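Chemist: heads up, no residue letters with this:
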């Protein structure tokens, strides 16, 4: 079957959408001899797999969406601050895979890049941000002011999802060195006792980590983008599903 594409203006769009941690937001400017225009870029660590053992996927994002650009510019300093956690649900397109040109004795590394089209959910340093304020209709009302966090659940167990606590790499995998370098860039460090790469928040002393009160009852909304991560967090803290209450319950000691 033949198909005449001479006047066809349709495109095949491949999109990447998921929960990610953001860091390293910056303007990329051309060096001497380069001809591209400056653009805003942010690096995202997308998470995939089971919440209790999620694997990171690193993607360099060129911010092209109009509203997405406003949001990234607003929180550029927070995203660049390693001491603050910025989580988001992102939609990206135009995925590209670029292989490096290795020197003698070096392995080929593959870098993933895409265009950031939209941001559907955002949490900055533990506070969920009301993204409606970045729409054109409400931009003037919030211009120059501080961002508006949405109401948070009082229960500490509803904390924001972070990087996976630990990541185990296979030294025999062809991309081992690349993934190792990416983990180090994201703040991970090698833990000999665990035999794994450990995220920054996992290195905090247990007494400094907030713990839910005994006897807490937590209800999760399956429609929330971080539902799976929060469910896994509750289970790791001893919560159990109670069918009668239709909630996660942590028995009192």
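Modeler: Sure, I can see it. Since we're looking at a predicted model, the values are computed, not measured. Numbers count the residues shown, from 1 in each chain.

Chemist: phi, psi for residue 230 please.
Modeler: In terms of degrees, to the nearest 10, the main-chain angles of residue 230 are phi -70, psi -40.

Chemist: just checking, it touches residue 220?
Modeler: Yes: counting by CB atoms under 8 Å, residue 220 is a contact partner of residue 230 at 5.7 Å. Bear in mind the C-beta positions are built from the backbone N, C-alpha and C, glycine included.

Chemist: higher neighbour count, the two?
Modeler: Higher neighbour count among residue 230 and residue 220: residue 230, with 21 against 17, using other CB atoms under 10 Å.

Chemist: return the helix or strand in the chain with minimum mean pLDDT.
Modeler: Lowest mean confidence among the helices and strands of the chain (mean pLDDT, DSSP states H and E): helix 136-142, at a mean of 51.

Chemist: right, and the helix or strand after that one?
Modeler: strand 166-167 (DSSP states H and E).

Chemist: which secondary structure elements does the helix or strand following that next one contact?
Modeler: On the C-terminal side of strand 166-167, the nearest following helix or strand under DSSP H and E is helix 176-185. Contacts defined by 3 or more CB pairs under 8 Å, 6 or more residues apart in numbering; DSSP states H and E place helix 176-185 against strand 55-63.

Chemist: I'd like the next helix or strand past the strand it packs on.
Modeler: helix 66-74.

Chemist: next, the angle strand 55-63 makes with that following helix.
Modeler: 100 degrees (axes from the mean of the first three to the mean of the last three CA atoms, to 10 degrees).

Chemist: what's helix 66-74 packed up against?
Modeler: Packed next to helix 66-74, using 3+ CB pairs under 8 Å, 6+ apart, are strand 39-48, strand 110-124.

Chemist: check the gap between residue 99 and residue 222 for me.
Modeler: 40 Å (CB to CB, to the nearest Å).

Chemist: circling back to that earlier point, which residues are common contacts for residue 230 and residue 220?
Modeler: The contact sets of residue 230 and residue 220 do not overlap (CB atoms under 8 Å, 6 or more residues apart in numbering).

Chemist: in contact with residue 122, which residues are there?
Modeler: Applying CB under 8 Å, 6+ apart to residue 122 gives the contacts 71, 75, 86, 87, 88, 89, 128, 129, 131.

Chemist: ok, 7 Å please
Modeler: 71, 88, 129, 131 (CB atoms under 7 Å, 6 or more residues apart in numbering).
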